[in-house]
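Undergrad: need coordinates for the following:
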Amino acid sequence: VQLQASGGGLVQAGGSLRLSCAASGRTFSYYAMGWFRQAPGLDREFVAGINWSGSNTSYVESVKGRFTISRDNAKNTVALQMNSLKPEDTAVYYCAADPTPIPKTYLYWGQGTQVTVSS
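TA: Numbers count the residues shown, from 1 in each chain. Just a heads-up that it's a prediction; the model follows:
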């Protein structure tokens, strides 16, 4: 599986961005998908995850109620809608995929897309 993330940019605090991740491969619908982020000097952290059907999602506490992960298996894409952005959301965001239902680690990673939130 090859993953290509896009949609990052510069936005003011309180604004919104929508990240998208396009996946190659015919078995995309069998993969759990996740979004991670890494800010300068910090470890990469899990942001949101979604199971193969889209019926189950999970979020890190700091983004609950502001971010929404979704997927379109027909288009081989997964999205992260980010609302009410805060400066602390500034990071490089990565999408990831794994063939296990509830991944503890992700096997496939895309390149990152930079999100910068100004105060």
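Undergrad: what is the closest residue to Tyr106 other than its chain neighbours paired to in the beta sheet?
TA: Nearest residue to Tyr106, sequence neighbours excluded (CB to CB, 6 or more residues apart in numbering): Ala96, at 3.6 Å. Every C-beta, even on glycine, is put in place using the N, C-alpha and C of the backbone. For Ala96, the beta-bridge partners are Gly34, Trp109 (DSSP bridges).
Undergrad: and the spatially most central residue of the chain, what is it in contact with?
TA: Centroid-nearest residue in the chain: Trp35, 2.6 Å away (criterion: CA atoms, centre = their mean). The contact partners of Trp35, by CB atoms under 8 Å, 6 or more residues apart in numbering, come to 19, 21, 46-49, 69, 78, 80, 93-96.
Undergrad: same check on Met82?
TA: Ser16, Leu17, Arg18, Leu19, Val63, Arg66, Phe67, Asp89, Val115 are the contacts of Met82 under CB under 8 Å, 6+ apart.
Undergrad: repeat for Val11
TA: Leu17, Leu85, Val115, Thr116, Val117, Ser118.
Undergrad: got a list of what the residue lying closest to the third one once chain neighbours are set aside touches?
TA: Distances taken as CB to CB, 6+ apart put Gly8 closest to Val115, at 4.7 Å, once the chain neighbours are dropped. Contact analysis of Gly8 by CB under 8 Å, 6+ apart lists Leu17, Leu19, Val92, Tyr93, Gly112, Thr113, Gln114, Val115, Thr116.
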